[in-house]
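Peer 1: this one's sequence-less:
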C-alpha cells in the first residue's frame, strides 16, 4: 500500500482564519514532508519530520506551523495567511534517508488552498 | 546555474513514437535520482528510480551518467496516457529532494 491521504481536498480561507491541513500514511515510513506547489512550478520543500521530530524547516514563515502527533500523522496549521500563500500543499512520506542517499518519496493528492 | 535543469518542452509526439528527455544536475555529490510524472492538478507520482546501471520498466528506460551529471528518460511506443509533466528529481543532502521544473509531454493521435 503506497497511499498517502490528505484532507481536505480543497480549502478556502480568509486572511484572519485558522485552519489545519491533515496528512496520514500507513506505509511505516518515519519521514514525512510538507511541500508547497504553485502552478507550473515544481514542489518546494517546506518541512521535514524524521522520527516525529522536525529536522528541516526551509525558512518557512511562522504563519505555517507543522505538527507530527505520531508516526502516521502530519498536520500543517495555518494562521493569518496571505493571498500569495494560495497553492497546492502536498504531503509526502518516505523511509528515513541514510547518509548515502535519499529514498523515494510518496505524495498525497494535496490540498488546494485559496486564501481570500 | 540551476541545481536540476530540464527542457520545459512541450514535446509533442504522435502515438507510438519514441521520445527522450534529458536532465542535468549540478551537485556532483548527489546520490539518488528519480523520475516522477505529474498530471495536471495532481500530485507527483514516482515513475522510477534511476540507478548507476540503468533501469528499465516496460516502455520506460532511465539512464544515469555520473561523469557528465545527466539523467535521461526514454519512453518507447508512446501512449496518449503518457501525456504529463515529467519531473527529474535529485537528492541533495539526505532527505532533501531537488526537483527540476519538469518537461511537458503531449502525445497526440
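Peer 2: Ah, there it is. If you're wondering where the values come from, they're calculated on a predicted model, not measured in any experiment. Residues are numbered from 1 along each chain as shown, chains lettered A, B, ... in the order given.
Peer 1: so where is chain B shaky, pLDDT-wise?
Peer 2: Where chain B drops to pLDDT under 70, the residues are B:94.
Peer 1: how close does the residue sitting nearest the centre point of chain A sit to residue A:56?
Peer 2: Taking Cα atoms, centre = their mean, the centroid of chain A lies closest to residue A:34, which sits 2.4 Å from it. Residue A:34 sits 10 Å away from residue A:56, going by Cβ to Cβ, to the nearest Å. Heads up, the C-betas are built off the backbone N, CA and C, glycines and all.
Peer 1: overlap in contacts, these two.
Peer 2: Common contacts of residue A:34 and residue A:56 (Cβ atoms under 8 Å, 6 or more residues apart in numbering or on different chains): A:45, A:47.
Peer 1: quick one: the strands in chain A?
Peer 2: Using DSSP state E, the strands found in chain A span residues A:4-7, A:10-13, A:18-25, A:31-37, A:44-50, A:53-57, A:64-70, A:73-79, A:87-94, A:106-107, A:111-115.
Peer 1: of all the ones you listed, which one comes closest to chain B?
Peer 2: Among those, strand A:106-107 comes nearest to chain B, with 4.1 Å by Cβ to the nearest Cβ.
Peer 1: phi, psi for residue B:100 please.
Peer 2: The phi and psi torsions at residue B:100 (degrees, to the nearest 10) take the values phi -70, psi 170.
Peer 1: measure it to residue B:47 for me?
Peer 2: 13 Å.
Peer 1: these two - which one has more neighbours?
Peer 2: residue B:100 (26 against 20; other Cβ atoms under 10 Å in any protein chain shown).
Peer 1: for that one, give me its contacts.
Peer 2: A:42, B:2, B:4, B:5, B:6, B:23, B:87, B:88, B:89, B:90.
Peer 1: how about the second one, secondary structure?
Peer 2: Here residue B:2 is recorded as coil under DSSP: H, G, I helix; E, B strand; the rest coil.
Peer 1: check contacts around the nearest residue to it once chain neighbours are set aside.
Peer 2: On the basis of Cβ to Cβ, 6 or more residues apart in numbering or on different chains, the spatially nearest residue to residue B:2 that is not a chain neighbour turns out to be residue B:26, at 7.2 Å. For residue B:26, the contact set (Cβ under 8 Å, 6+ apart) comprises B:1, B:2, B:3, B:4, B:69.
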